[in-house]
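A.B. asks: what would the 3D arrangement of this be:
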Amino acid sequence: MQKYIKLNLFYLGESKKHHIFRAKKWDKALEKISNKSVFTEQFEEIGFIKEIFGPITLPFISMKIISNKTFNPNDNLYSKMR
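C.D. replies: The predicted structure is shown next:
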């Protein structure tokens, strides 16, 4: 059974290829979301998590957005966990 987990993220900005977020709250178990799809509250897929990097307690998250998708970085974002 798959469940959605809310990603508690703060948007920092855009790099050349990705959007960069900072975790507001982090649990080590969330490291499993690397390379997983990211969804809006309406369960629309907008991209995927490319990389998790930086400090262990509050890491940075690099997200690749699907080219024809737009998103509001202040919206709640979700990922699927197994």
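A.B. asks: in stretch 61-69, what's buried?
C.D. replies: Burial within stretch 61-69, assessed by neighbour count using 16 or more other C-beta atoms under 10 Å, is assigned to 61, 62, 63, 64, 65. (C-beta placed from N, C-alpha, C; glycine too.)
A.B. asks: for residue 38, what are its contacts?
C.D. replies: Taking C-beta atoms under 8 Å, 6 or more residues apart in numbering as the criterion, residue 38 is in contact with 7, 45, 46, 47, 48, 49, 63, 77, 78, 79.
A.B. asks: where does pLDDT dip in this structure?
C.D. replies: Residues of the chain that meet the criterion pLDDT under 70 lie in 1-2, 82.
A.B. asks: kindly list the longest strand within it.
C.D. replies: strand 45-53 (DSSP state E).
A.B. asks: out of the contacts of residue 38, who's nearest residue 36?
C.D. replies: Comparing the contacts of residue 38 against residue 36 with C-beta to C-beta places residue 79 closest, at 4.8 Å.
A.B. asks: correct me if wrong: the closest one contacts residue 35.
C.D. replies: No - Residue 79 is beyond contact range of residue 35, at 10.1 Å (criterion: C-beta atoms under 8 Å).
A.B. asks: please say which of the two ends up with more neighbours.
C.D. replies: residue 79 (19 against 11; other C-beta atoms under 10 Å).
A.B. asks: phi first, then psi, for that one.
C.D. replies: With angles defined as degrees, to the nearest 10, residue 79 sits at phi -130, psi 160.
A.B. asks: contacting residues for it?
C.D. replies: Neighbouring residues of residue 79 by C-beta under 8 Å, 6+ apart: 4, 5, 7, 33, 36, 37, 38, 39, 49.
A.B. asks: please flag which of these sit within strands.
C.D. replies: Using DSSP E, the contacts of residue 79 in strands are 4, 5, 7, 37, 38, 39, 49.
A.B. asks: what about the second one, distance to residue 13?
C.D. replies: Put plainly, it is residue 5. 24 Å (C-beta to C-beta, to the nearest Å).
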